[in-house]
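Enquirer: sequence and predicted model, in that order:
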Amino acid sequence: MRGPHEVPAEAELIRERREATIPRLSHRAAAERAAKLGNTSFSAATWQKIEKGEYSGGADRITLMAMVLGITPDELDQRGRPDAARLLRAEIDKRASEEPLLREVDRESTSEAVMQLLLQGLEEIRQEPRLSAAQKAELERQLIRSQLAHLQGQLEQMRTTLEIAQGISRDNKK
């Protein structure tokens, strides 16, 4: 059980992750992103209170904060927030299934963390006011193409490694 002034583990993670962003994400900017993602109100004061442990923040608030910062469901589970982790998993799955650009991505074999990063990347591109619609669309396509190519390369490397391991195993049995 935590003491009266002890900050919850998930709040520490949220603060650490926000402070590690480059450039550093302010409370106000983080809260604005959370509000937009959740189509709800989310103030900078609420964000700060949750980070400081002054307000526990319901699972829905913690989920929005995790989405803004790229915190994974597994990280929330590890920090003692299985309720928020469940909501985040459901939200990632829902958003991924609704995202036309992710139709080419096999959601069953792609980890939640990778899917979450893709969704976060798409959201950041879409929120960038300095880009035209055409530039945003091109960046979105590049993000998805590059990630698919990277994953395909990793699969090929894994298959090659397995083939080599099987060959060594056969040679050792002779």
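Expert: Perfect, thanks for sending it.
Enquirer: only C-alpha atoms from now on, for both contacts and neighbour counts.
Expert: Fine.
Enquirer: just checking, what packs against the top helix by length along the chain?
Expert: When the chain is parsed with DSSP state H, its longest helix is helix 133-173. Contacts defined by 3 or more CA pairs under 8 Å, 6 or more residues apart in numbering; DSSP states H and E place helix 133-173 against helix 112-127.
Enquirer: rounded mean pLDDT for the helix it packs on, please.
Expert: Helix 112-127 carries an average pLDDT of 90.
Enquirer: again, but for stretch 166-174
Expert: When pLDDT is averaged along stretch 166-174, the result is 75.
Enquirer: how about stretch 79-99?
Expert: On average, stretch 79-99 scores 95.
Enquirer: just the residues contacting that stretch, thanks.
Expert: 9-10, 59-60, 62-63, 66-67, 72-77, 102-103, 107, 112, 115-116, 119 (CA atoms under 8 Å, 6 or more residues apart in numbering).
Enquirer: same thing but 7 Å
Expert: If you take CA atoms under 7 Å, 6 or more residues apart in numbering as the criterion, stretch 79-99 is touched by 9-10, 59-60, 62-63, 73-74, 76-77, 102, 116.
Enquirer: which among those end up buried?
Expert: For those, a neighbour count by 16 or more other CA atoms under 10 Å gives the buried set as 9-10, 59, 62-63, 73-74, 76, 102, 116.
Enquirer: which pair of those residues spans the longest distance?
Expert: Pairwise distances across those peak at 32.3 Å for Ala9 and Leu102 (criterion: CA to CA).
Enquirer: got the contact list for the most centrally placed residue in the chain?
Expert: Among the residues of the chain, the one closest to the centroid is Gly70, at 3.2 Å (CA atoms, centre = their mean). Residues in contact with Gly70 (CA under 7 Å, 6+ apart) are 116-117.
Enquirer: repeat that with 10 Å
Expert: Going by CA atoms under 10 Å, 6 or more residues apart in numbering, Gly70 touches 14, 17-18, 64, 113-114, 116-117, 119-121.
Enquirer: Thr40 too?
Expert: Thr40 is in contact with 32, 34, counting by CA under 10 Å, 6+ apart.
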